[in-house]
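S.K.: Prediction below, plus the sequence it came from.
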Amino acid sequence: MTEERTTTLQLSGRKKIEFSTVLAYIVLTFWALTTIYPFIWVILNSFRQKGLIRSDSFSIPFPWMGAFTLENYETAFARSRIFQAYGNSILISSIVTLVVMLIAGFAAYALVRYHFPGREALRSLIIASMMFPVFSTIIPVYRMEVQWGIAASGKHHLSLLSTILPQIAGNLSFAIVVLMGFIRSLPIDLEESAFLDGCNVFQIYFKIIMPIAKPSFATVAIFSFLWSYNDLFTQMFFLRRPGEKTITLLLTEISSQAGVNYGLMAAAVVIVVIPVLVVYIFLQKNIIKGLTAGAIKG
Amino acid sequence: MSSTIYKNKLPLLVFLVPAFLMMGLFLYYPFVMNFFNSFSNISGLGTAAKGLNDPWYANYIRLFSDPNMRTAIKNSLFLMLMTIVFQVGIALVLAIFVDMIQKGAQFFRTVYFFPIVISATALGLLFNLIYLYDGGMLNQLLQKVFGFTQNIDWKDQDHFMATMLTPVMWQYVGFYFVILVTGLNNIPQEIYEAASLDGAGTWQRTRFISLPLLRNVLCTCLVLAITGALKVFDLPWVMMGAGIPMDESWLTGTYMYNQTFLRSDVDYGSTIAVLIVVLGVVISQIANKIFREKEY
């Protein structure tokens, strides 16, 4: 797409293009700097010795120059069970992701391909639920789960479950909208020929729809995972005992105890951001592509 | 033909029940309950309602006479306006520029989108370090590069608004950027080619082709920005806490959280949540009416 446009632009006169291109690069680079620099700054300062951040936070703390230290990380790891927290975070977010993919895929497929009374109403319900702020649903959910005996029960796996359930529900509407957008754009011919070959709808779904819609499922998976991982609000509610803490909860805990130890705070931020950064770098194409496919068509 | 495959409606049960059961239990039911709660008297998270308020609409009267609520609504509407002007505005400028360049578009996309995947909590702490009074990044920068002699208190009365709004807007520029870039890519190439043959330059193509054809996409962004602005919570909460300075920085989201969880005024908190949804629906409907073009 961009390639084609490039050639046309070049046809239409070189000089003008050059000026606007230069301007474009300047503006784009400036914004990229505002995005990247804060992260570089915080990573650098997480390795700087106590007290030095406030006087000199811009230099690079090279190990051979004296200001470099690992102390902030040592303190963070010594004070809290960071690996256990990573474990909890990853367990919760993986289950949320898997369930969301499975049942959102089902619902999206049915809402696109089947015609039945009430279909439009269900679609509107999904859009409407995207507007509910979490805070407006969390209290009744908490009360309901206490009644069921899963929230505030004091049992590790039940507490995790009590977080997982509302997170699944919270991610479904977005997932369904994205997947509907993609499935709607698929030609129905493949499904028809599979049907003639004797496949039933479930086989059609698992053998044809799911493989083709892989990029969209990838987007849904990544977003569900990240939102669940980052969702401090729900976690704060349901995970209160020490062994249940997730990494995001631990971040707030460490930083509230840090006081004026800004190096420790910077280290805590880095500890939370790094896994997301790694996932993002590997998967960013899927994230962006799938998101827009859904956002525009849905 | 498709009607033969999908004539048997029985599989619908398997397809639809799990998703709608989950959403029913954890979204719709609690949402309706929340509406009822706004009329009841509830003084703790785990405690049962002590009957209806007297009069039953007491919370709604309070909503309109509460000065902090007025501040919160005012701030949230201001945030909404700023979001639309700057967030969507910057995103639009960046999208148009990215559309012009030949190399590095993918890089810019990746970078711009990154803050969105980071938890707002971590970003809030990051910005706290940046805005620190004594030796924060911004104050150090101003002193070293621009020769400022005094520290600026970024969270005082004169600065708190910009301090609170900048990170919120900064974080989501990339989101609208990506949506707008996709919109630009969906514009058929032939239109640009035709315009070029007629002698249109880069700016003219942007002004007379890209912008008009982006209208519906911009409208989608607008609705997302409006509902998003009302829900903003984590970043301001981590940075400003309870309305710093002097109850002036409340937003609808943070004020609701404060009432519900710190003041244990659950029913009033529920009332604010109802208001958030009503405002979101009404304002986005209005925006839709004004800006949405008819389908071609």
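M.R.: Okay, I see it.

S.K.: What separation is there between the residue nearest to residue A:145 when sequence neighbours are not counted and residue A:143?
M.R.: Spatial nearest neighbour of residue A:145, excluding adjacent residues (CB to CB, 6 or more residues apart in numbering or on different chains): residue A:151 at 3.6 Å. (Glycine included, C-beta is placed from N, CA and C.) Distance of residue A:151 to residue A:143, computed by CB to CB, to the nearest Å: 9 Å.

S.K.: Next: residue B:56.
M.R.: Distance from residue B:56 to residue A:143, by CB to CB: 20 Å.

S.K.: what sits against the residue nearest to residue A:145?
M.R.: A:142, A:145, A:158-159, A:162, A:238 (CB atoms under 8 Å, 6 or more residues apart in numbering or on different chains).

S.K.: Per-residue confidence, residue B:21, what does it come out as?
M.R.: Note on residue B:21: pLDDT of 92.

S.K.: from the chain's centre, how far out does the host helix or strand of it sit?
M.R.: Using DSSP states H and E, the element containing residue B:21 is helix B:11-23. In this view, helix B:11-23 has its centroid 29 Å away from the chain centroid, taken as CA atoms, centre = their mean, to the nearest Å.

S.K.: Would that helix count as contacting chain A?
M.R.: Yes - using CB under 8 Å from any CB of the partner chain, helix B:11-23 reaches chain A at B:11-12, B:14-16, B:18-20, B:22-23.

S.K.: Among those residues, which one lies nearest to residue A:189?
M.R.: residue B:11 (20.3 Å; CB to CB).

S.K.: check contacts around the closest one.
M.R.: If you count contacts by CB under 8 Å, 6+ apart, then residue B:11 has A:110, A:201-202 around it.

S.K.: Then residue B:177?
M.R.: Taking CB under 8 Å, 6+ apart, we find residue B:177 in contact with B:91, B:94-95, B:98, B:109, B:112-113.

S.K.: could the residues you listed go into CSV alongside secondary structure and pLDDT?
M.R.: Output for the contacts of residue B:177, formatted as CSV (DSSP: H, G, I helix; E, B strand; the rest coil; pLDDT from 0 to 100):
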residue, secondary structure, pLDDT
B:91, helix, 88
B:94, helix, 88
B:95, helix, 86
B:98, helix, 83
B:109, helix, 82
B:112, helix, 84
B:113, helix, 83
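
S.K.: Can you check those residues and name whichever has the most neighbours?
M.R.: Neighbour count (other CB atoms under 10 Å in any protein chain shown) singles out residue B:112 as the most crowded of the contacts of residue B:177, with 28 neighbours.

S.K.: Wait, it touches residue A:33, no?
M.R.: No - here residue B:112 does not reach residue A:33: they are 11.4 Å apart, not a contact under CB atoms under 8 Å.

S.K.: And the pLDDT at the residue nearest in space to the middle of chain B?
M.R.: The centroid of chain B falls nearest to residue B:228 when counting by CA atoms, centre = their mean (2.2 Å). What the model reports as pLDDT for residue B:228 is 76.

S.K.: cool, residue A:98 as well?
M.R.: 94.
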